[in-house]
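Novice: Got a sequence here, can you build the structure:
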Amino acid sequence: MNERTTVQRSIDALFFRPAQAAAARGLHPLGTAAALKAGAPAPAAPAAPARLFSSFDNDDMDEVHDLVAEFNKIWDVDNDPGSVIARAAEQALVRGTLVVQHALRVFAASVTGFDYKIPTLREQLRAAGGVPAAAPRPPTPEPPMDYFRNDIDLSDHHEHWHTVYPAQRDADSPIHGQLFLYMHEQMLARYDTDRRALGLDVVDPYASTFDGYSRAVPSTGVPRWVQIVYRHDDGTPVYVPRPEPYVPAQIPGLSRVLDLQKASFAGFRLESYPSAESLGRDIEGARYYPTDPPPNNMHNMGHGLLAFTGHEQQNPRQTGVMSNTATAVTDPVFFRWHRRIDDASFAWQERQSPNELTQLDPDNEPARVALGLSADNRYVSVRRGSNGGDSPDLFVVPLDALGGANWKEFGTATFGKDWDRAPDDPSFAKYRIGGLGTNLVTDPDTREEKLQLADHFVYYVRVENTNPKHALKVVFRVFLVAEEFYAGDDRRHVIEMDKFSAKVDAAAKAVIARPSWFSTVIRRKTVSDEHTIPDTLAEEAADPNEGLNAWCDCGLPYRLLLPRGKPDGMPFKLIVVMTDGEDDLINYDEVECGSVSYCGRKAKQSRNFAYNDARQMGYPFDRRLADENTPPKPMSMREILGRAENVAIRSVTIANTVKLT
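Specialist: Numbers count the residues shown, from 1 in each chain. Sure, this is the predicted structure:
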């Protein structure tokens, strides 16, 4: 056995443990709500040196960062992965397995050159044999959305983001606070869009004011995969359901945290935050360390309050799923709590100056002069649809419709000829419809329903550069929004799909092609759920050597790129906004491993991270929209987007097919 194999097996041993496999063999419903009434004694647990760990607890995260600093020191001196893992194994016996696992994830996501695989949640579950087919499903308060919340890969996305950007001591990253707000904002947009597809209302906030902690929180079961993956070494389950009813303000053990949270609510003032970065860091509790004064910490304390099950004093080794970034998404109250956080972010955005939809940065006069442009010259344009309708220059084509043709060559051959053909030309009919699909299937590992794409697809945008002298680089910002949100001028539910750049020759027309599997919101750039690449598309893949890099696992799984849709098709607007590419995108690899939209870029030679865009995250929908008048006049999305020369809009439908087994 070579040294590399030995190190990898040592890592696996810290994550694949006998307790998990034993749990899978004998899984049963874990402490239903009826068995965990508020104040009832918890089930007895055998003595073991295990303890709880919460990634939202300041003391626990201090311990994580101390361990990461120790691992970094070993790595910087010895550059020896075996020494790091040996130290981690020693500390697991002292500090407990959960804290060491989290510390290893943080270390692997931040250090350069550590190219060993830290197991994903799915890999941990598979090592335990998966969920038995006969295991009964625990009850939940909202079963139609279980497929979303119980998706193990979505939980992995959330956990991985929080290991790339861990709470506290993240002084190296200048974008932590912004990304914290934006990534969760996008999760909510997806969650609400799928809720509307099922006829459910958008999620309402929990505890908009401090008095909200007097409202009951429904109990919910612990997903079966969580019961298996999260066991103490003696087999005791880590997470149990909340009792019914559960009212945080009435739980005696929460009085101290409630007092702290009350002070956080009382001290929260939107006008005190000069930037989204300062707001995000403070409300999350992601402090520069040490800091004076301490952060507001409303977000992390809220997780702690909602994780408490009321019996931790009887059994201090069990708690609720809201205490862990790897499991919190499975609880319906996670989205209600984050709606409350996002409401604060949205209110802050509404206080800022509106966005004017221009290609050139209004403050970048030198760039205009160098290119021979004027402030009014929209130099690369697409044609607008009549009366705010679909642009004749934007298409989205399922991969199957290409008939096996190369996706780049197909675009030029199909859309690059007879540029002035009418939008209703019969040859465009199947591409003009823009129908996309998703399937709901059974996940063989978790035994839960899971969403996946029915087919891959490619965006095609026809553009014209009217500048006679200069080839110009353009950024294409791709968004999707449900028709009802678009009609209601609801920018909070606009979903970012992709962001990429292309150069258009001087005085030329071009067809710009972009495949779905290159999206900047997904993790590894592949076309498969399992991160493998068919031979026919291998040349389009990211560097295969990136595959072991923990950075590659930051972002949504590719199969969750599209919202669910409806059986008979759900109407959406596909929106492509073009902006100046000379300044907007910075050192960006088109197929960089990992999501640059949600996670930024990993610096090649340091532990620092950077965002690849000079504009704000989510631009232009991160603010109200306004016209170009002085002063700018706020207008609806439909009005602004329909008149802009650097925006293309296409009506698309997403149809969902249930294929459960």
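
Novice: so where's the stretch 551-661 of the chain uncertain?
Specialist: 551, 583, 585-593, 601-610, 629-630 (pLDDT under 70).

Novice: all strands of it, in order?
Specialist: 570-580, 601-602, 609-610, 625-626, 647-659 (DSSP state E, counting those that start in this stretch).

Novice: try the chain
Specialist: Shown for the chain, the strands assigned by DSSP state E span residues 355-356, 380-381, 394-398, 435-442, 449-453, 457-465, 472-482, 495-504, 508-515, 570-580, 601-602, 609-610, 625-626, 647-659.

Novice: possible to save the ones you listed as a markdown table with mean neighbour count?
Specialist: In short, each C-beta sits where N, CA and C put it, glycine included. Formatted as a markdown table, the strands of the chain follow (neighbours: other Cβ atoms under 10 Å):
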| stretch | mean neighbour count |
| --- | --- |
| strand 355-356 | 18 |
| strand 380-381 | 22 |
| strand 394-398 | 24 |
| strand 435-442 | 19 |
| strand 449-453 | 21 |
| strand 457-465 | 22 |
| strand 472-482 | 23 |
| strand 495-504 | 21 |
| strand 508-515 | 19 |
| strand 570-580 | 23 |
| strand 601-602 | 22 |
| strand 609-610 | 19 |
| strand 625-626 | 20 |
| strand 647-659 | 19 |
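
Novice: Verify the stated contact: residue 130 with residue 446.
Specialist: Yes. Residue 130 is in contact with residue 446 according to Cβ atoms under 8 Å; the separation is 7.4 Å.

Novice: between these two, who's got more neighbours?
Specialist: residue 446 (22 against 19; other Cβ atoms under 10 Å).

Novice: That one - nearest residue in space that isn't next to it in sequence?
Specialist: Closest residue to residue 446 apart from its sequence neighbours, by Cβ to Cβ, 6 or more residues apart in numbering: residue 225 at 4.5 Å.

Novice: I'd guessed the one you found sits against residue 444; true?
Specialist: No. Assessed by Cβ under 8 Å, residue 225 is found out of contact with residue 444, at 11.8 Å.

Novice: nearest spatial neighbour of residue 407, skipping sequence neighbours?
Specialist: residue 458 (4.8 Å).

Novice: beta partners for that neighbour?
Specialist: residue 397, residue 515 (DSSP bridges).

Novice: Confirm for me that it is in contact with residue 401.
Specialist: No. With contact defined as Cβ under 8 Å, residue 458 does not reach residue 401; the gap is 9.1 Å.

Novice: Am I right that residue 104 is in contact with residue 11?
Specialist: Yes. Residue 104 is within contact range of residue 11, at 7.4 Å (criterion: Cβ under 8 Å).

Novice: Quick one: neighbours of the nearest residue to residue 442 once chain neighbours are set aside, just the number.
Specialist: Spatial nearest neighbour of residue 442, chain neighbours left out: residue 661 (4.7 Å); criterion: Cβ to Cβ, 6+ apart. By the criterion of other Cβ under 10 Å, residue 661 has 5 neighbours.

Novice: So what's the residue count around residue 315?
Specialist: Around residue 315 there are 17 residues (other Cβ under 10 Å).

Novice: actually residue 568, not the one I typed
Specialist: Neighbours of residue 568 (other Cβ under 10 Å): 8.

Novice: ok, it to residue 326 distance?
Specialist: Between residue 568 and residue 326 the computed distance is 36 Å (Cβ to Cβ, to the nearest Å).

Novice: out of residue 225 and residue 444, which sits in the busier spot?
Specialist: residue 225 (29 against 12).

Novice: Check what pLDDT that one gets.
Specialist: pLDDT recorded at residue 225 is 97.

Novice: which residues does it contact?
Specialist: For residue 225, the contact set (Cβ atoms under 8 Å, 6 or more residues apart in numbering) comprises 121, 125, 131, 150, 152, 445-446, 448.

Novice: Quick check: the gap between residue 611 and residue 282.
Specialist: 19 Å.

Novice: who's more crowded, the two?
Specialist: Legend: neighbour count by other Cβ under 10 Å for residue 611 and residue 282, higher for residue 282 (24 against 20).

Novice: picking up where we left off before, does the residue nearest to residue 442 really touch residue 443, like I thought?
Specialist: No. Using Cβ under 8 Å, residue 661 is not in contact with residue 443, being 10.2 Å away.

Novice: quick one: residue 383 and residue 392 touch, right?
Specialist: Yes. Contact criterion Cβ under 8 Å: residue 383 and residue 392 qualify, at 5.5 Å.

Novice: just to revisit the earlier point, could you dump the strands of the chain to a markdown table with distance to residue 211?
Specialist: Compiled in a markdown table, these are given as follows (distance: least, Cβ to Cβ, whole Å):
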| stretch | distance to residue 211 |
| --- | --- |
| strand 355-356 | 35 |
| strand 380-381 | 52 |
| strand 394-398 | 46 |
| strand 435-442 | 39 |
| strand 449-453 | 37 |
| strand 457-465 | 47 |
| strand 472-482 | 32 |
| strand 495-504 | 33 |
| strand 508-515 | 48 |
| strand 570-580 | 37 |
| strand 601-602 | 42 |
| strand 609-610 | 39 |
| strand 625-626 | 34 |
| strand 647-659 | 39 |
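
Novice: Tell me which of these lies nearest to residue 333.
Specialist: Closest approach to residue 333 among the strands of the chain (Cβ to Cβ): strand 449-453, 20.8 Å.

Novice: Next, the angle strand 435-442 makes with that closest one.
Specialist: Relative orientation of strand 449-453 with respect to strand 435-442: 150 degrees, computed using axes from the mean of the first three to the mean of the last three Cα atoms, to 10 degrees.

Novice: For strand 449-453, what is the distance to the chain centroid?
Specialist: With Cα atoms, centre = their mean, to the nearest Å as the basis, strand 449-453 stands 16 Å off its chain's centre.

Novice: which helices and strands sit right next to it?
Specialist: Judged by 3 or more Cβ pairs under 8 Å, 6 or more residues apart in numbering; DSSP states H and E, strand 449-453 is in contact with helix 146-149, strand 435-442.

Novice: let's see it at 10 Å
Specialist: Packed against strand 449-453 by the contact rule (3 or more Cβ pairs under 10 Å, 6 or more residues apart in numbering; DSSP states H and E) you find helix 146-149, helix 152-164, strand 435-442, strand 647-659.

Novice: Overlap of the contact sets of residue 130 and residue 446?
Specialist: 122, 224-225, 228 (Cβ atoms under 10 Å, 6 or more residues apart in numbering).

Novice: Can I get these in JSON lines including distance to residue 352?
Specialist: As requested, these are exported to JSON lines (distance: Cβ to Cβ, whole Å):
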{"residue": "122", "distance to residue 352": "40"}
{"residue": "224", "distance to residue 352": "44"}
{"residue": "225", "distance to residue 352": "41"}
{"residue": "228", "distance to residue 352": "46"}
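
Novice: Looking at neighbours, which among those residues is most surrounded?
Specialist: residue 225 (29 neighbours).
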